[in-house]
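[1] A structural model of the following input is requested.
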Amino acid sequence: HTRGVQRVRPGLYQLIDALDGEPALVLGRRTDILATNRMARSLFADFEQLPPEERNYARWMFLDDHARSLFVDWEDQARAAVEGLRLEMGRNPDDQATTALVEELREHSPEFDGWWQQHRVHQRTHGSKRLRHPLVGDLTVEYEALTLPGDPDTTLFIYTTEPNSDSRDGLDLLASWTFTDSADYQSNSETSD
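    Next up, the predicted model:
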């Protein structure tokens, strides 16, 4: 079976929009990208420009050349995506959409296929990502993953940098280059399963 369409509460959109100086995104089941703020779109990718069926973090990580070049530690981040999908598959083994995603990634990415066969499972709740951003250079961001009370299938990721660091300066510069008026706020209120 396939579980229903996930929706993001209006208050959650308002929350990530209010975090405008910090990248924030909301992931759903199987790492579907449900919502992003302006800074997340600037730092990672403009996921809203992708067709809805392609708005998936693991899919982007393995099948998009930009992701491979963006992450200095791509292998670590990609392995984490595999281990997270393994966890999802364990929670919902009969979900057809998760199975289809795994099959697609196994077919199109030798790295995914190899790591999938290792059967490693791990839930990342915090950590670091090292990036080489095409506009602002090298950055290290720390993230916290917050599972929402009453909605265990939805996770809010917030990315921050160390105060007074080169990474903070780079993120501030990125914010100034990509700033537009509040009409810039756009998010994806639902994703197809």
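[2] just checking, Arg124 touches Ala80?
    Yes - contact criterion Cβ atoms under 8 Å: Arg124 and Ala80 qualify, at 5.2 Å. To be clear about C-beta, it is placed using only N, CA and C from the backbone, and glycine gets the same treatment.
[3] higher neighbour count, those two?
    Comparing Arg124 with Ala80 by other Cβ atoms under 10 Å, the one with more neighbours is Ala80, at 19 against 15.
[4] gap between the more buried one and Gln14?
    Look at Ala80 and Gln14: by Cβ to Cβ, to the nearest Å, they are 28 Å apart.
[5] how about Thr178?
    Here the criterion is Cβ to Cβ. By it, Thr178 lies 20 Å from Gln14.
[6] ok, those two, which is more surrounded?
    Under the neighbour definition other Cβ under 10 Å, Thr178 and Gln14 were set side by side, and Thr178 has more, 14 against 11.
[7] tell me which element the closest residue to that one other than its chain neighbours is part of?
    What sits nearest to Thr178 in space, not counting adjacent residues and going by Cβ to Cβ, 6 or more residues apart in numbering, is Ser42, at 4.2 Å. If you go by DSSP states H and E, Ser42 is part of helix 38-43.
[8] could you list the buried residues of that helix?
    Residues Arg38, Met39, Ala40, Arg41, Ser42, Leu43 are the ones in helix 38-43 that count as buried (16 or more other Cβ atoms under 10 Å).
[9] could you do stretch 13-30 as well?
    In stretch 13-30, counting by 16+ other Cβ under 10 Å, buried: 13, 15-17, 19-20, 22-30.
[10] and for stretch 84-99?
    Neighbour-count burial for stretch 84-99, counted by 16+ other Cβ under 10 Å, picks out Gly84, Leu85, Arg86, Glu88, Met89, Asn92, Asp95, Ala97, Thr98.
[11] secondary structure and distance to Ile158 for those residues - can I get that in a markdown table?
    Supplementary listing: those in a markdown table, determined by DSSP: H, G, I helix; E, B strand; the rest coil; distance: Cβ to Cβ, whole Å:
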| residue | secondary structure | distance to Ile158 |
| --- | --- | --- |
| Gly84 | helix | 17 |
| Leu85 | helix | 22 |
| Arg86 | helix | 24 |
| Glu88 | helix | 21 |
| Met89 | helix | 26 |
| Asn92 | coil | 25 |
| Asp95 | coil | 27 |
| Ala97 | helix | 26 |
| Thr98 | helix | 25 |
